[in-house]
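Colleague: Here's a sequence, model it:
(4 chains)
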Protein chains: 4
Amino acid sequence: MSETLKVIFNVSKMPELEEPYLICGLPGSGYVGKLAVEHLVHELNAKLLADIYSYSFPPQVIIRNDGTADLMKNSMYYWKGNGKPDILMLTGDAQPSTSEAEYMLVDEILGLANKFNVKTVFTLAAYITGVFVDKPKVYATATDADLLKEFQSQGMLKMDGGSITGMNGLIIGIAKLKGMRGMCLLGETSGYVVDAKASQAVLQSLLDMIGVQVDMKNLEKRAKDTEMLIQTIEQQMRRRSAPEEQLGKQPSKDVGYIS
Amino acid sequence: MSETLKVIFNVSKMPELEEPYLICGLPGSGYVGKLAVEHLVHELNAKLLADIYSYSFPPQVIIRNDGTADLMKNSMYYWKGNGKPDILMLTGDAQPSTSEAEYMLVDEILGLANKFNVKTVFTLAAYITGVFVDKPKVYATATDADLLKEFQSQGMLKMDGGSITGMNGLIIGIAKLKGMRGMCLLGETSGYVVDAKASQAVLQSLLDMIGVQVDMKNLEKRAKDTEMLIQTIEQQMRRRSAPEEQLGKQPSKDVGYIS
Amino acid sequence: MSETLKVIFNVSKMPELEEPYLICGLPGSGYVGKLAVEHLVHELNAKLLADIYSYSFPPQVIIRNDGTADLMKNSMYYWKGNGKPDILMLTGDAQPSTSEAEYMLVDEILGLANKFNVKTVFTLAAYITGVFVDKPKVYATATDADLLKEFQSQGMLKMDGGSITGMNGLIIGIAKLKGMRGMCLLGETSGYVVDAKASQAVLQSLLDMIGVQVDMKNLEKRAKDTEMLIQTIEQQMRRRSAPEEQLGKQPSKDVGYIS
Amino acid sequence: MSETLKVIFNVSKMPELEEPYLICGLPGSGYVGKLAVEHLVHELNAKLLADIYSYSFPPQVIIRNDGTADLMKNSMYYWKGNGKPDILMLTGDAQPSTSEAEYMLVDEILGLANKFNVKTVFTLAAYITGVFVDKPKVYATATDADLLKEFQSQGMLKMDGGSITGMNGLIIGIAKLKGMRGMCLLGETSGYVVDAKASQAVLQSLLDMIGVQVDMKNLEKRAKDTEMLIQTIEQQMRRRSAPEEQLGKQPSKDVGYIS
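Modeller: Next up, the predicted model:
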């Protein structure tokens, strides 16, 4: 594991957090979870705790707006609540490319969470219906019955079958094995677009539960930006078999080139 | 191995068993083996010995009827015969998703069996014909000629060619390498449905051999329940490439939602 | 490696061999190499040295003619020449199912060869043309120029481009890294059938080089038997995704069943 | 790692180099990078430092013009500038066949570079447009903003989005994690042929930056030779599933055979 995963801390001293929540939103269908956590990080002005690089991420560098290139990574942020609950937030560029690697990365992330004495872990995900709706419902499942009751009192819908695939499922499942409580909130979405409405619905439900508020007005704009970025990356991943291939946005206008 | 597989014992003290049989029925074509062993566990009122979690299982949590979520796992149960032979039983939610992981999981399971001094291992599987029959035949193969003679005297049919793929084959093959005897019983089935008749046929043949009896009347009903659960899971596994995707049964009526 | 590969020696005492040749014929297109080495083992009445089991072989047991089941394996045999050169022979049921596992298995096999002070390694393979011919040509390549000259004086044809994939290529390539000489002989074949003629051609060329003779008259019959066995196994491997699936020859007549 | 990768040094004593540049060109779309670095190695008369063999390369041996067979490998060369900057050059037959193996190989290569105190790493790649052009543009991205400014002053075009997949991306991304600066130069190419013009464009841009000059007149001829070799290898890789299969150029005329 240590050979294939690298955690680089951005802090000289680990922050002191009191039983923080861990809230995870990784890229997936509709980018519901990723968008929600990125918005939360931004609105809370959360601090970068650590970057997590893994040999199991798609083998590529992402070119940022300023022209510099970066390895794909996941990042963990923290926010001290000062009266509100402390929060750790996880988001990133990608999920691992193999099933086994997903298990391993989750194991590592929850090991990190354990160091901060995390008791409850939330993942934000998509509930795909293939249909566009105006007011997305929020579904939920949890690893223990008590947590289940809590969220039902918040108006979320209980699932009583099916399964949740990928890291959003594994994070709560493995959390349970490690003695934490896990809960997954799923926002109803068509699955066809980056869905700011679904994102806002799950984020609002979560924040209501933990008693934190953030402004939601930039979430719609953030969804549009994400949509553009995502299209580029997905194009790449589909064409990964040709190793040196380079696709992407056109070169910036400031070098005098327009295709 | 220890990094990618976790065995969690459900007992404070290991039970004392006398050269127990190990009977394995994992999900596969027709769910012949899984259904048979689940029925056996239920009818014998067998005790849970250990849950086995593996990084090689499909990366998902399963949502149980009560709304709680659990990682995919295999489980081992035990039954003290008190005059009848002692029995270990293995069943589960899934087989590993790669060939190499199948070998590794079998290695671990038989290591556990060895601690209980298991001498003979049975796997229950499907013999697929593509045709529906009323009275399914039972085929068998074994790792040594003596065991072979025993089962032929029980009316089972000998195979003299072909191969058995997946864990049902590996378990008996690796058992032989570890000095145990292995035998696979295969129930004739169309391969198209969860087949309670094939399941009952292999289970009855096995129980006749080891001199244990259980009531079979709930097996048909259990097959129907399994059919529903299985459809949901298979849907998921086909769509695994979209990480966050969520499919499954509709939310329960008690939250006021009907799709 | 030690966790995923098991070498079981069939001898109580290692035989003393004097710089034996290692001759390898594993299953592949036309079964040219496998058939040749199996014939050689039989005609020389070679002794079984070791069975090699690997987690990277296809996950299945093969059911032998007598109804017993065995894990897939490779086997190494030896023959003391008594005036003729000593020989190690490698053949088996399968090649590993991943590229990386092929490298690892070759590494292990050549490690074993090194213990016997092997200096020269031969692999027998197929040169596929898609066309049926009456007198198959024999092509060759080697890891050093001297060996190359030797075989050209024997009437074999030099290749001056292309590549050899799978274990037949890797065995000679890695042999070179380990300080041994490697040579691959390729028999011209259509690639559509188990080809006894191509098999005989490469085997005869090889035996001429090393000064050993065996009777070839049973090779044709052996090819027919192999053809039947192979068809069954290949059917299995194509259908590997359905874990419990069982295909194969019909049950033996002595149990009174004809489908 | 040490089990699956082998670095064989071709020198009895490590050369003393002063903060050499590392310039990498591996096979990929258009063979832009590989061709450029091979040309550079030849024109500078660079010395072979080490051959790098990996279990993750495609499992095959390549047959050279003289009929001898060699495992696929990457090779590192060095050149002492004597007033000009010292240079390490990396090229090879293949990139690893899995994503995870690409990360691991890059890790190993940069570990080797670190021993020579490399501060700046260049990768040469293709910018695919699907269109043939007479004067290919050169695009670039870098891991830090200062390097970015340097190359813009050289007339290269900045990218401000997209990503670079495969080792050309990973090498600069992981270089950054290891405290080196990384830069990727991409030559505009159709992606359909071995493209000597794109190759010359990126190589010239790079050499201008580091103040070294080489003759370019043989690059066109080298592109044609590479085109032929590449076609053979790609044919092989597409047919890798048939293990023993052998394709390639016809046997040389000097053995009297014409197909």
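Colleague: Show me the beta-bridge partners of A:Ile52.
Modeller: A:Val7, A:Asn74 (DSSP bridges).
Colleague: In the stretch 51-200 of chain A, where is pLDDT below threshold?
Modeller: By pLDDT under 70, the stretch 51-200 of chain A has no low-scoring segment.
Colleague: residue ranges for the strands of it, please.
Modeller: A:60-63, A:69-71, A:74-79, A:87-92, A:120-128, A:138-142, A:157-158, A:163-165, A:181-189 (DSSP state E, counting those that start in this stretch).
Colleague: Dump those strands to a markdown table, plus mean neighbour count.
Modeller: Every residue, glycine included, has its C-beta placed from N, CA and C. Formatted as a markdown table, the strands of the stretch 51-200 of chain A follow (neighbours: other Cβ atoms under 10 Å in any protein chain shown):
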| stretch | mean neighbour count |
| --- | --- |
| strand A:60-63 | 26 |
| strand A:69-71 | 23 |
| strand A:74-79 | 23 |
| strand A:87-92 | 24 |
| strand A:120-128 | 29 |
| strand A:138-142 | 28 |
| strand A:157-158 | 20 |
| strand A:163-165 | 28 |
| strand A:181-189 | 27 |
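Colleague: out of those strands, nearest to A:Leu5?
Modeller: strand A:74-79 (10.1 Å; Cβ to Cβ).
Colleague: And for that closest one, what's in contact with it?
Modeller: By Cβ atoms under 8 Å, 6 or more residues apart in numbering or on different chains, the list of residues contacting strand A:74-79 from outside reads A:15, A:17, A:20, A:26, A:41, A:44-52, A:54, A:86-94, A:105, A:109, A:112.
Colleague: mind listing which of those are in helices?
Modeller: Mapping the contacts of strand A:74-79 onto helices (DSSP state H) picks out A:41, A:44, A:105, A:109, A:112.
Colleague: tally of neighbours for the closest residue to chain B within the stretch 101-250 of chain A?
Modeller: The stretch 101-250 of chain A approaches chain B most closely through A:Gly162 (1.4 Å), counting by Cβ to the nearest Cβ. The number of residues packed near A:Gly162 is 25, by other Cβ atoms under 10 Å in any protein chain shown.
Colleague: Over to A:Asp66?
Modeller: There are 10 residues near A:Asp66, going by other Cβ under 10 Å.
Colleague: That one: what's it in contact with?
Modeller: So, once contact is read as Cβ under 8 Å, 6+ apart, A:Asp66 ends up touching D:145, D:148, D:160.
Colleague: ok so, going back, the residue of the stretch 101-250 of chain A closest to chain B reaches B:Ile63, doesn't it?
Modeller: Yes: in this structure, A:Gly162 is within contact of B:Ile63 by Cβ atoms under 8 Å, at 5.3 Å.
Colleague: excluding its backbone neighbours, what's nearest the residue in the stretch 1-150 of chain A that chain C sits nearest to?
Modeller: Residue nearest to chain C within the stretch 1-150 of chain A: A:Thr98 (12.5 Å; Cβ to the nearest Cβ). Excluding its sequence neighbours, the residue lying closest to A:Thr98 (Cβ to Cβ, 6 or more residues apart in numbering or on different chains) is A:Ser56, at 6.0 Å.
Colleague: next one: A:Gly173
Modeller: Leaving aside its sequence neighbours, A:Gly173 sits nearest to B:Leu71 (Cβ to Cβ, 6+ apart; 3.5 Å).
Colleague: Was I right to think the one you found contacts A:Ile174?
Modeller: Yes: B:Leu71 lies in contact with A:Ile174 (Cβ under 8 Å); the separation is 6.7 Å.
Colleague: And stretch A:208-215, end to end?
Modeller: 13 Å (Cα to Cα, to the nearest Å).
Colleague: If the residue nearest to A:Gly169 when sequence neighbours are not counted is in a bridge, with which residues?
Modeller: Leaving out its chain neighbours, the residue that sits closest to A:Gly169 by Cβ to Cβ, 6+ apart is B:Val61, at 4.0 Å. The bridge-partner assignment for B:Val61, based on DSSP bridges, gives A:Ile164, B:Leu71.
Colleague: Surely B:Val61 is in contact with A:Gly173?
Modeller: Yes: if you go by Cβ under 8 Å, B:Val61 and A:Gly173 touch, sitting 4.2 Å apart.
Colleague: what's the overlap in contacts for those two?
Modeller: B:69-71.
Colleague: Report the buried members of the contacts of strand A:74-79.
Modeller: A:17, A:20, A:26, A:41, A:44, A:46, A:49-52, A:54, A:86-94, A:105, A:109, A:112 (16 or more other Cβ atoms under 10 Å in any protein chain shown).
Colleague: do you know how far the residue of the stretch 101-250 of chain A closest to chain B is from A:Tyr139?
Modeller: The spacing between A:Gly162 and A:Tyr139, counted by Cβ to Cβ, to the nearest Å, is 10 Å.
Colleague: Kindly report the same for A:Gly92.
Modeller: For A:Gly92, the distance to A:Tyr139 - Cβ to Cβ - is 23 Å.
Colleague: Can you pick out the most distant pair from the ones in helices among the contacts of strand A:74-79?
Modeller: Most distant of those, by Cβ to Cβ, are A:Leu44 and A:Leu105, 24.1 Å apart.
Colleague: Flag every residue of the stretch 1-150 of chain A that's near chain B.
Modeller: Applying Cβ under 8 Å from any Cβ of the partner chain, we find that the stretch 1-150 of chain A lies next to chain B at A:1, A:26-30, A:32-33, A:95, A:99-100, A:102-104, A:125-128, A:137, A:139, A:141-145, A:148.
Colleague: my guess is A:Val193 contacts A:Gly30, does it?
Modeller: Yes: under the criterion of Cβ under 8 Å, A:Val193 makes contact with A:Gly30 at 6.9 Å.
Colleague: on that earlier part again, right, and the residue nearest to A:Thr98 touches A:Thr4 too?
Modeller: Yes: here A:Ser56 lies in contact with A:Thr4, judged by Cβ under 8 Å, at a distance of 6.8 Å.
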